[in-house]
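J.: okay, predicted coordinates and the sequence, questions at the end:
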Amino acid sequence: MRAAAAQFTTTSSRLDVLFCNAGIMALPPALSADGYELQFATNHLGHAALTKLLLPTLQRTARAANADVRVIYASSLGFTMAKGIAFDSLDTPQSGFGGAWTRYGQSKLANVLYAQELARRYPEITVVSIHPGIIGTGLVGNMSWVNRAIVYATSYFSMVSEDEGVKNGLWAATADKAELATGQFYEPVGVVGTTTAASQSRELAAELWAWTDKALEGVKLL
């Protein structure tokens, strides 16, 4: 990630849209290479690290004439499965923390909260989180057969194609700036999304920001 960010900044002087879209879902308990719960590390920390590395370029672009800089985080309605974030055990596999879906929901809640906090701290940048819909991709391929069955049983008739699934992200990246509220969560397409007590907690968002900042202390700005 650091190499990719460094390569980008050496070949481009501006960055107008950063789309943080990588993700994994409902995998067994595990740790990332740097020692954090795997889904949280992949779905949140990786995106936060990339944002931190590219933030100087985003800010520089935002100062240009007629700039419209956006950061988009791919979340999921799965965030509603999480009532909060278990900060005190994120350096463990969280094998006793409610199961694979709770860990997934926690990471997706982090996407929503981090977008809100980034928007508050950097008002010159438009920051949103999105739910792309339930897309028929290979994301379930590494799940247990039980979790795959849960996905198909609960969402088979609401699944959309990949062509359909990209529309909300494309809308967030290209719609007139006046149509977006920075810090907002959107469902397909361009609809203000579901909220929960946890997703609306400014205290939890601030705690997540502080925890993330400490976890990324070794990630130096370019």
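T.: Yep, that arrived. Numbers count the residues shown, from 1 in each chain.
J.: what are the phi and psi values at the residue lying farthest from the centre of the chain?
T.: Distance from the centre of the chain peaks at residue 65, with 28.4 Å (Cα atoms, centre = their mean). Note on residue 65: its backbone torsions stand at phi -60, psi 140 [degrees, to the nearest 10].
J.: before we move on, what about residue 37?
T.: Dihedral angles for residue 37 - degrees, to the nearest 10 - are phi -50, psi 130.
J.: cool, residue 73 as well?
T.: Dihedral angles (degrees, to the nearest 10) for residue 73: phi -110, psi 130.
J.: report the separation between it and residue 93.
T.: According to Cβ to Cβ, to the nearest Å, residue 73 and residue 93 sit 24 Å apart. The way it works is simple: take the backbone N, C-alpha and C, and place the C-beta from them, glycine included.
J.: the two - which one has more neighbours?
T.: Each of residue 73 and residue 93 has its neighbours counted (other Cβ atoms under 10 Å); residue 73 has more, 27 against 18.
J.: pLDDT below threshold where in this protein?
T.: Within the chain, the stretches with pLDDT under 70 are 133-159, 220-222.
J.: and the strands in it?
T.: 17-20, 70-74, 126-130, 185-187, 191-192 (DSSP state E).
J.: format the ones you listed as TSV; extra columns: distance to residue 201.
T.: As requested, the strands of the chain are exported to TSV (distance: least, Cβ to Cβ, whole Å):
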stretch	distance to residue 201
strand 17-20	21
strand 70-74	17
strand 126-130	15
strand 185-187	13
strand 191-192	18
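J.: relative to residue 26, which of those strands is closest?
T.: Evaluated over these, closeness to residue 26 peaks at strand 70-74, with 15.8 Å, by Cβ to Cβ.
J.: other SSEs contacting the closest one?
T.: Judged by 3 or more Cβ pairs under 8 Å, 6 or more residues apart in numbering; DSSP states H and E, strand 70-74 is in contact with strand 17-20, helix 46-62, helix 100-121, strand 126-130, helix 167-174.
J.: just the C-alpha atoms of the longest one, please, in PDB.
T.: Spelled out, it's helix 100-121. Extracted in PDB, the C-alpha atoms of helix 100-121 (Å, rounded to 0.1, in the frame of the first residue of the first chain):
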ATOM      1  CA  ALA A 100     -18.100 -13.800  11.900                       C
ATOM      2  CA  TRP A 101     -21.100 -11.600  11.000                       C
ATOM      3  CA  THR A 102     -20.700  -9.400  14.100                       C
ATOM      4  CA  ARG A 103     -17.000  -8.900  13.300                       C
ATOM      5  CA  TYR A 104     -18.000  -8.000   9.700                       C
ATOM      6  CA  GLY A 105     -20.700  -5.600  10.900                       C
ATOM      7  CA  GLN A 106     -18.200  -4.000  13.200                       C
ATOM      8  CA  SER A 107     -15.800  -3.300  10.300                       C
ATOM      9  CA  LYS A 108     -18.600  -1.900   8.200                       C
ATOM     10  CA  LEU A 109     -19.700   0.400  11.100                       C
ATOM     11  CA  ALA A 110     -16.200   1.600  11.200                       C
ATOM     12  CA  ASN A 111     -16.400   2.600   7.500                       C
ATOM     13  CA  VAL A 112     -19.500   4.700   8.200                       C
ATOM     14  CA  LEU A 113     -18.100   6.400  11.400                       C
ATOM     15  CA  TYR A 114     -14.700   7.100   9.900                       C
ATOM     16  CA  ALA A 115     -16.300   8.800   6.900                       C
ATOM     17  CA  GLN A 116     -18.200  11.000   9.300                       C
ATOM     18  CA  GLU A 117     -15.200  11.900  11.300                       C
ATOM     19  CA  LEU A 118     -13.000  12.600   8.300                       C
ATOM     20  CA  ALA A 119     -15.700  14.800   6.900                       C
ATOM     21  CA  ARG A 120     -15.800  16.800  10.200                       C
ATOM     22  CA  ARG A 121     -12.000  17.200  10.300                       C
END
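J.: fine, thanks again, bye for now.
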